[in-house]
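J.: next comes the sequence, and after it the predicted model I'd like to discuss.
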Amino acid sequence: MSSETATMTVANAPSHRASRLDRFLMQGGIVITFLVVAVVATALIEPRFLNRLNLLNVMRNFALLLIPSLAQMLVMTAGGFDLSVGAVVAATSVVTAAVMLVGNGYFPGMELAVIIASLVIALGVGALVGLVNAGLVSAFSLSPFMVTLAMMSVLMGIALYFTQGIPIYGVTDSFVANVGRGQFLGLPIVLWAALGVLAACIVMQRFTALGRHIYAVGSDQRSARLSGVATGRTLIAAYMLAGLLAALTGYLMTSRLGSGQSTIGGTLALETIAAAVIGGVSLRGGVGRAELVALAALFLSVIANAMNLVQVDSRYQTLVLGAVLIIALAIERLLLRKRQS
Amino acid sequence: MLEVTGFTKRFRGIAALDNVDFSLNEGEVHALLGENGAGKSTLINLIAGTFPWAEGVYRINGRTITSLTPQVAQEIGIAAVFQEFSLVPDLTVVENIFLGREQSSGLFLKRKQMRQAAAELLDSLGFHLPLDEKVAFLSRAQKQMVEIAKALRMRPKVLILDEPTASLTDGEAEKLFNAIALLKARGVGIIYVSHRMSEIRNLSDRVTVLRGGKKIGTVVTAEISDEGLIEMMVGRPVEQLFPKIDHKPGAVRLEVRDLTTEKHSVISASFTARAGEVVGLAGLVGCGRSELCRAVFGLETVEAGTITLGDKPVERPTPTSMLAANVCYFPADRGSEGLALARPARENATMSSLDLPELSSGPLLKFWRENEAIRAPLGNLALRPMAPERKASAFSGGNQQKLMLARGLMKPFDVYLFDEPTVGIDVGAKADVYNLIKSLVEAGASVVVSTSELPELINLASRVYVMHEGKVVAELAQHELSEAQVLSHYFGGRA
């Protein structure tokens, strides 16, 4: 800190330039660099990457990673973890498909109403899960890690029991055609949805009291409470929003897959935490910005796509994801440590 | 304006506050004085609503209040600045000042207005702070200023200040005093907790003295002497603060020759410490005296120079080898270097003596002996409360210091290194520490004290080394010791 003031007052040219580089690195430069390197390298190694259909595919995958990653970010900046995010996606996928199957049976010809009803019910399930998570975390001071881990197990159990592991077909066709495969202005509908969520998250974080309170609670809960922040309510808001976003992901995934599946989302907890952390979200809470998480999610989506294009066996893909996560975090830490010294 | 009567609070059956009355008038500065553990913190925490009181009546502006939370307290106009800050490290100065009281229009924050209001508030207090810097990057003094500004954003009627100058420089403290005068003129009542007699004398209208959770008395500041206040506080006359130490310098126990640390915080420093004497290290904060002690104990990397214990040279000092060689070091930063705050007092006291045959055989601890072994050291230090199973973090500052000191009493050491032994502790605990030093020296140990408190050196040491910018610039014998003499060397000798 004293060195920082020193560089500010002493207008020394090289150190000034270094501090501007530091600033760039601090404010997401690392993620941007990762992303650019990944895109350029993939395009050079495999020109099919730039194929229109492939790019649309990357965008859909990106969208379906971005929304739960933002959910993860909300909970992590509030000082917690949400390991149940993948299980909520699976459960709400099952719920969406089941509501459509039953709804179309009872109310034939009212497709739009059924599609909306299934969204509302799925979101309700997500919000309820978030409320229970937050309630347990704040009322009993339980560790978010354990609460959401247990919640994940419970939800997966329910979804598996309900479906016996068999996909639920009977999802409305127009839902699949217009949402899952639909496009608007040449871009996938799911991408628009994800960008809308991203914009809302940015506004919430920067321009609302709730956003500020989430940072405060995650950074130092005791101080936040002493300052008059309703910490319990803030936690509930963060976890419920995360539940809503996870539910939206499950809904959109159902539209993409054309069926409700209880087995999806198994690796989502890891992937969303990876995106959040590479995007600069602190594991200790209080730090994290939606736009950087989006860049990190895009980075991970590009890597996954590159592996598919060069036909890396799917069994090795999780290995690569883990390695990328460790390398990215190590580089980030090294650069930041250099800045501090 | 504010009046509490018969306030009582117990923690696990131990009365931290016992039937205390306190009142505050508009535009008054009412000082609270007492040793650590006397109940000052408890009283201000009850007034600020941090936790509920067990018995007593709380009245403000004629209204009786039955229960209070920090939020409600803020709403009725009671703001508190505690030693432990309520700042959020990852938010900026402006964001912290308005945390929990954000101004919004509809859903959106009025960011410009809040920034403007924060700038004006800080300006009116004369505090210059970077508005958009994260609080984590501020110095402790700057954080203190943010905390004070934050307390004032609500225009409180009662302001509680808990040792507000503990981390401020004189210039910064001056600004704070001006701000206090300003608030006083506006009719704000201020409860002021401090250990510094001069501040209490200059600022306060009345003083309430607490001891052992009980109220000793409330007096008008102008009508009582400093000595009288100290006597009320410690319950004994002030001359007894510094014990007469009978120095009997014997064999050289520790000899440091031309020691230079890798970071050049100490440059070619030499000193000797003999058995049966107290050697003082004086100098400004940052002059290298702390680093010198740390280097001897193996906590700083030594680049050049020799350290000799008795007649045995020490090759590479490490804390483990130095402890084994009967050298004991008490760090200045109790929280981060000295104590395991989450562990009980008992474990903290025995932490560095578990290898004694009394406490272990091989890898197995004789845990049943532990309570026996700590009874005498903790008793001698008068730990308050005497609760060895309490977490270290639950003790007050002075008593945490005693836990640290207890470690050095588990077995006799040859050399004791004290780094700022009395920083942030009250007069009573100080006297306990001085008496401990006396008994160690008179038992034949060699004691090195590094401190920024000159009176300590002058009254305790038999010789003093003065350091400046990493070098030892003077050695003064006991008959040469006076504040003026020592100070004249503070800036390199020719100041």
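T.: Right, received. Where do you want to start? If you're wondering where the values come from, they're calculated on a predicted model, not measured in any experiment.
J.: now A:Lys226, nearest residue through space, not along the chain?
T.: Actually, residue A:226 is Leu rather than Lys. Leaving aside its chain neighbours, A:Leu226 sits nearest to B:Ser86 (3.7 Å; criterion: CB to CB, 6 or more residues apart in numbering or on different chains). C-beta coordinates here come from the backbone N, C-alpha and C atoms, glycine included.
J.: which helix or which strand is home to residue 31?
T.: This is for chain A. Here A:Val31, judged by DSSP states H and E, is contained in helix A:30-45.
J.: sorry, I should have been clearer: chain B.
T.: Using DSSP H and E, B:Ala31 falls in strand B:29-34.
J.: how far does that strand sit from the chain's center?
T.: Distance, stretch centre to chain centre, for strand B:29-34: 17 Å (CA atoms, centre = their mean, to the nearest Å).
J.: for it, name the packing helices and strands.
T.: Secondary-structure packing of strand B:29-34 (3 or more CB pairs under 8 Å, 6 or more residues apart in numbering or on different chains; DSSP states H and E): strand B:14-24, helix B:40-47, strand B:189-193, helix B:197-203, strand B:206-211, helix B:226-234.
J.: and the residue nearest to A:Leu226, how close does it get to B:Arg155?
T.: B:Ser86 sits 18 Å away from B:Arg155, going by CB to CB, to the nearest Å.
J.: neighbour count for these two, which is higher?
T.: B:Ser86 (22 against 11; other CB atoms under 10 Å in any protein chain shown).
J.: residues in contact with A:Met151?
T.: By CB atoms under 8 Å, 6 or more residues apart in numbering or on different chains, the contact list for A:Met151 reads A:83-84, A:87, A:129, A:132-133.
J.: quick one: which of those residues sit in helices?
T.: Members of these lying in helices (criterion: DSSP state H): A:87, A:129, A:132-133.
J.: buried residues, the next helix or strand after the helix holding A:Val31. List them.
T.: Scanning forward in sequence from helix A:30-45 by DSSP H and E, the next helix or strand is helix A:52-77. By neighbour count on 16 or more other CB atoms under 10 Å in any protein chain shown, the buried set for helix A:52-77 is A:56, A:58-77.
J.: now do stretch B:185-204
T.: Buried, per 16+ other CB under 10 Å, within stretch B:185-204: B:188-195, B:199-201, B:203-204.
J.: how far off centre is it?
T.: On the basis of CA atoms, centre = their mean, stretch B:185-204 sits 19 Å off its chain's mean C-alpha point.
J.: so what's the residue in the stretch 101-250 of chain A that chain B sits nearest to up against?
T.: Taking CB to the nearest CB, chain B has its nearest neighbour within the stretch 101-250 of chain A at A:Gly228, 3.2 Å off. Neighbouring residues of A:Gly228 by CB under 8 Å, 6+ apart: B:70-71, B:74, B:99-101.
J.: and the pLDDT for it?
T.: The model reports A:Gly228 with a pLDDT of 81.
J.: in three-state terms, label it for me.
T.: coil (DSSP: H, G, I helix; E, B strand; the rest coil).
J.: does the nearest residue to it once chain neighbours are set aside sit in a helix, a strand or a coil?
T.: Nearest non-adjacent residue to A:Gly228, counting by CB to CB, 6+ apart: B:Gly100, 3.2 Å away. Put simply, B:Gly100 is coil when judged by three-state DSSP.
J.: for burial, what's the neighbour tally of the residue nearest to B:Pro156 when sequence neighbours are not counted?
T.: Nearest non-adjacent residue to B:Pro156, counting by CB to CB, 6+ apart: B:Ala79, 3.7 Å away. By other CB under 10 Å, 22 other residues sit near B:Ala79.
J.: what helix or strand is B:Ala79 on?
T.: strand B:78-81.
J.: after that strand, which helix or strand is next?
T.: The helix or strand immediately downstream of strand B:78-81 is helix B:93-97, counting by DSSP H and E.
J.: touching that next one from outside, list them.
T.: Taking contacts as CB under 8 Å, 6+ apart, the residues outside helix B:93-97 that touch it are A:212, A:216, A:227, B:87-88, B:114-115, B:118, B:121, B:129-133, B:135, B:138, B:146, B:149-150, B:153.
J.: same check on stretch B:131-145?
T.: Outside of stretch B:131-145, the residues within contact range by CB under 8 Å, 6+ apart are A:1, A:4, B:81, B:85, B:87-94, B:96, B:115, B:118-119, B:122, B:125, B:127, B:129-130, B:146, B:164, B:167-169, B:172.
J.: which parts of that stretch are buried?
T.: Here stretch B:131-145 shows B:133-136, B:138, B:141-145 as buried, counting by 16+ other CB under 10 Å.
J.: and A:Ala139, how many neighbours does it have?
T.: Other residues close to A:Ala139 by other CB under 10 Å number 10.
J.: ok, and the closest non-adjacent residue to it?
T.: Closest residue in space to A:Ala139, ignoring its immediate chain neighbours: A:Gly232 at 7.5 Å, by CB to CB, 6+ apart.
J.: next, the contact list for that neighbour, please.
T.: A:134, A:138-139.
J.: same question, B:Gly189
T.: Counting by CB under 8 Å, 6+ apart, B:Gly189 touches B:1-2, B:24-28, B:30, B:157-159.
J.: doesn't B:Pro317 fall inside a helix?
T.: No. Using three-state DSSP, the assignment for B:Pro317 is coil, not a helix.
J.: okay, now it: neighbour count?
T.: Residue crowding around B:Pro317 was assessed by other CB under 10 Å; the count is 21.
J.: does the nearest residue to B:Phe98 once chain neighbours are set aside sit in a helix, a strand or a coil?
T.: Leaving aside its sequence neighbours, B:Phe98 sits nearest to B:Met114 (CB to CB, 6+ apart; 5.0 Å). Recorded secondary structure, B:Met114: helix (three-state DSSP).
J.: contacting residues around the closest residue to chain A within the stretch 1-150 of chain B?
T.: Nearest residue of the stretch 1-150 of chain B to chain A: B:Gly100, at 3.2 Å (CB to the nearest CB). For B:Gly100, the contacting residues are A:213, A:216, A:224, A:227-229, B:71, by CB under 8 Å, 6+ apart.
J.: list buried residues within these.
T.: By 16+ other CB under 10 Å, those give A:213, A:216, A:224, A:227-229 as buried.
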